[in-house]
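Peer 1: quick one: sequence and predicted model below, then my questions.
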Amino acid sequence: MSPEPFVLGPALLFCPADRPDRFDKAAQRADAVILDLEDGVDPAARPAARRALQEHPLDPARTVVRVNAVGTPDHEADLAALAGTAYTTVMLPKADGRFVGPLLRADGAPYAVVALCETAAGVLAAPALAMRPDVVALAWGAEDLVASLGGTSSRRPDGTYRDVARHARSTVLLAAGAVGKAAVDAVHVDLDDLDGVRAEAVDAAACGFTATMCVHPRHAAVVREAYTPPAEEVERARRLLEGAGVPPSGGAARVEGQMVDEPLLRHARTVLDRAARNDAAVAADGVPTER
């Protein structure tokens, strides 16, 4: 049985798994939490992090656990610890052709896997990873990618991504989109650059990413706002759909001086879907506010 589609987001907040004192706060600030057993935890602290994972549970429906990479001793220890929890979604770092899986839960069902393509091999493997039935989403990471290439910086002095990072971002998005799966954008590592976080999240939403990973609670609020269509955009999408009616297949309509065909109608439906998701989250008190 294949896992359910990935619908978490838009703000996914990393939290070190060895800091259970932060678990609940992270869950309050973000749409979902990524409990991190990998880079966010000192290797010496990983046994304690695994115990914390079991002893301080969060809502499994809003939690992803980042395990260590396939082929590492920590990977098997992470899966053993996960077997004692109710979590069903894992993020697999440095995913590439070595990931032959599936990763199985204690009941024999496969974990839902967010494949993190953050090496040269991982980016090139993105199309194959996306086609796996246990992979529900692709994500990408710039810093490990550049490190895998022997580089020293993923960004130019002005803070924008270098071309190789932009290429990897697009490759992962296209690989996920080609098979109808979610794509998750990379973290913004400059903690104080909220304008940069906002600009990248606005672009991610416009391009078709489902969510953005965050490393700081302040980023989560900015990301959520960036993915939420402004009221004027929502109203324009409604007018466009109403004005176009239901054109015949391959047909077009003129609305407010613009030629509108099916691709633009799909854009408008996406705007309304995102607005509806935000409204539903607010109504359910599931979207936290910054405190």
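Peer 2: Arrived safely. Residues are numbered from 1 along each chain as shown.
Peer 1: in the stretch 101-250 of the chain, which spans are strands?
Peer 2: Using DSSP state E, counting those that start in this stretch, the strands of the stretch 101-250 of the chain run over 112-117, 135-140, 182-185, 211-214.
Peer 1: right, and those strands - which one's nearest V271?
Peer 2: With C-beta to C-beta, the closest approach to V271 among the strands of the stretch 101-250 of the chain belongs to strand 211-214: 16.8 Å. In short, each C-beta sits where N, CA and C put it, glycine included.
Peer 1: and the closest one, what does it pack onto?
Peer 2: strand 11-16, strand 182-185, helix 194-207, helix 217-227 (3 or more C-beta pairs under 8 Å, 6 or more residues apart in numbering; DSSP states H and E).
Peer 1: how far away is the closest residue to G101 other than its chain neighbours from V189?
Peer 2: Spatial nearest neighbour of G101, excluding adjacent residues (C-beta to C-beta, 6 or more residues apart in numbering): D134 at 6.0 Å. For D134, the distance to V189 equals 29 Å [C-beta to C-beta, to the nearest Å].
Peer 1: who has more neighbours out of these two?
Peer 2: D134 (20 against 15; other C-beta atoms under 10 Å).
Peer 1: below-threshold pLDDT in this structure: ranges please.
Peer 2: Applying pLDDT under 70 to the chain picks out residues 1, 240, 243-261, 264, 279-291.
Peer 1: hmm, try it at 90
Peer 2: Along the chain, segments meeting pLDDT under 90 span 1-3, 97-102, 106, 228-291.
Peer 1: find the centremost residue of it, please.
Peer 2: V184 (3.0 Å; C-alpha atoms, centre = their mean).
Peer 1: just the endpoints, please. Distance across stretch 198-218?
Peer 2: 11 Å (C-alpha to C-alpha, to the nearest Å).
Peer 1: same list (the strands of the stretch 101-250 of the chain) but as CSV, adding distance to D39.
Peer 2: Converted to CSV, the strands of the stretch 101-250 of the chain look like this (distance: least, C-beta to C-beta, whole Å):
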stretch, distance to D39
strand 112-117, 11
strand 135-140, 14
strand 182-185, 16
strand 211-214, 12
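Peer 1: out of the ones you listed, the one nearest A204 is which?
Peer 2: The nearest among the strands of the stretch 101-250 of the chain, by C-beta to C-beta, is strand 182-185 at 4.2 Å.
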